[in-house]
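> predicted model and sequence follow; I will ask about them next.
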Amino acid sequence: MPKRDTKYMAARREEIVDAALAILIRDGAAALSTPALCREAGISTGALYTHFQSKNDVIGALADRTARSRREEYDFHDAGELRASMAKLARLQGHPLEVQKARADLEILLSDPDDERIRSAFREYAEARDLERGLARLVRVGELPSDLDPAAASLAISGLVLGLRILALMGAREDAPFDAAMELLARSILTTDAEGGSTGS
């Protein structure tokens, strides 16, 4: 059999990871067995092991992809984009697709709570180091208050977003003021510096 090119192999890996995600969302972590994964992906066990060392390797790849996608939610160039990103994240949390994503996050973690690759991927996303670096850059260029602690601010934003996701997953009422909660946080971070000046508005 001729050797497949890199692009084909990468696409097949993504299809297998997509299959794992579908099972987690639909049936939960307990249902994610190797046979179930092969059935969902429409491949043989041998084909699975061509692309991944094990089922846990598939879950690890899914954790990496999920964490990378979550970190990209905090992509911004200035204080205005940051505020818009925060507002968008708050508005999205009650959306059915976002609730599915939140459930998938939990199911990935539950699939093997002791797997260090999974824990590391989600820890990096939860600690929001990319967000912290972005906030520090805006402080340096004067777009955010000079007395802002980027580490504390990034943890506050990340913690609120994670909390809103859990609330949505638990069935928060449809009119829950997620956007108002985020606006309160945005105001405290973006609007007043130590000298009383105004920024980010």
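Done, it's in.
> gap between residue 58 and residue 118?
11 Å (Cβ to Cβ, to the nearest Å). All C-beta spots, glycine's among them, are computed from the backbone N, C-alpha and C.
> wait, doesn't residue 158 sit right on residue 130?
No - when contacts are counted by Cβ atoms under 8 Å, residue 158 is not listed as touching residue 130 (10.1 Å).
> what about the spatially most central residue of the chain, distance to residue 131?
Centroid-nearest residue in the chain, with Cα atoms, centre = their mean: residue 70, separated by 2.5 Å. Noted for residue 70: a distance of 10 Å to residue 131, by Cβ to Cβ.
> try residue 7
Taken as Cβ to Cβ, the span from residue 7 to residue 131 is 32 Å.
> check contacts around the residue nearest to the centre of the chain.
105, 125 (Cβ atoms under 8 Å, 6 or more residues apart in numbering).
> doesn't it lie inside a helix?
Yes - under DSSP: H, G, I helix; E, B strand; the rest coil, residue 70 sits within a helix.
> could you check how far it is from residue 118?
14 Å.
> picking up where we left off before, so which of residue 7 and residue 131 has more stuff around it?
Per other Cβ atoms under 10 Å, whichever of residue 7 and residue 131 has more neighbours is residue 131, with 25 against 8.
> give me the pLDDT for that one.
Predicted confidence (pLDDT) for residue 131: 91.
> state the helix or strand in which it lies.
In this structure, residue 131 sits in helix 129-140 according to DSSP states H and E.
> and that helix, what does it pack against?
helix 79-92, helix 150-169 (3 or more Cβ pairs under 8 Å, 6 or more residues apart in numbering; DSSP states H and E).
> got those as TSV, with mean neighbour count, mean pLDDT and distance to residue 124 columns?
Shown next, in TSV, are the helices and strands packed on helix 129-140 (neighbours: other Cβ atoms under 10 Å; pLDDT from 0 to 100; distance: least, Cβ to Cβ, whole Å):
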stretch	mean neighbour count	mean pLDDT	distance to residue 124
helix 79-92	18	91	18
helix 150-169	18	92	11
